[in-house]
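**Student:** coordinates only, sequence not included:
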């Protein structure tokens, strides 16, 4: 049986998602909803579930701090939401944070998500 490879960096996880055809990034819209440009879908918080959260902290540069949320929609499509911590966030204002707080959360095993 093949041993899972530890994924320690953001680029490793994004590459694994790409290889599995799950490189579906969601971004907040001006209207306070998430949009997938890959699938052409617009989501409300109740349409998604956060299934895994990864936090990355740069050793020497605070700008390297980021969080990656793996999300699943009601059709079992996996996507991700990427953001930097604090002042380095790409998402200004309360829309992004308010949206994230409303998404239900589960914590799934990596092997389940990347099989």
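**Tutor:** Arrived safely. Values in this document were obtained by computation on a predicted structure and should not be read as measured data.

**Student:** remind me which residues of this structure are low pLDDT?
**Tutor:** Residue ranges of the chain with pLDDT under 70: 1-7, 58-64, 86-90, 92, 111-113, 115.

**Student:** now do 80
**Tutor:** 1-8, 57-64, 85-93, 109-115 (pLDDT under 80).

**Student:** now the helices for it?
**Tutor:** In the chain, the helices defined using DSSP state H lie at 10-19, 94-102, 110-113.

**Student:** so which of the ones you listed gets nearest residue 50?
**Tutor:** Closest to residue 50 of the helices of the chain, according to C-beta to C-beta: helix 94-102, at 7.9 Å. (C-beta placed from N, C-alpha, C; glycine too.)

**Student:** helices and strands around the closest one, which ones?
**Tutor:** Here helix 94-102 touches strand 26-28, going by 3 or more C-beta pairs under 8 Å, 6 or more residues apart in numbering; DSSP states H and E.

**Student:** if we can go back for a sec, is it possible to get TSV of the helices of the chain that adds distance to residue 54 and mean neighbour count?
**Tutor:** Output for these, formatted as TSV (distance: least, C-beta to C-beta, whole Å; neighbours: other C-beta atoms under 10 Å):
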stretch	distance to residue 54	mean neighbour count
helix 10-19	6	14
helix 94-102	14	14
helix 110-113	10	12
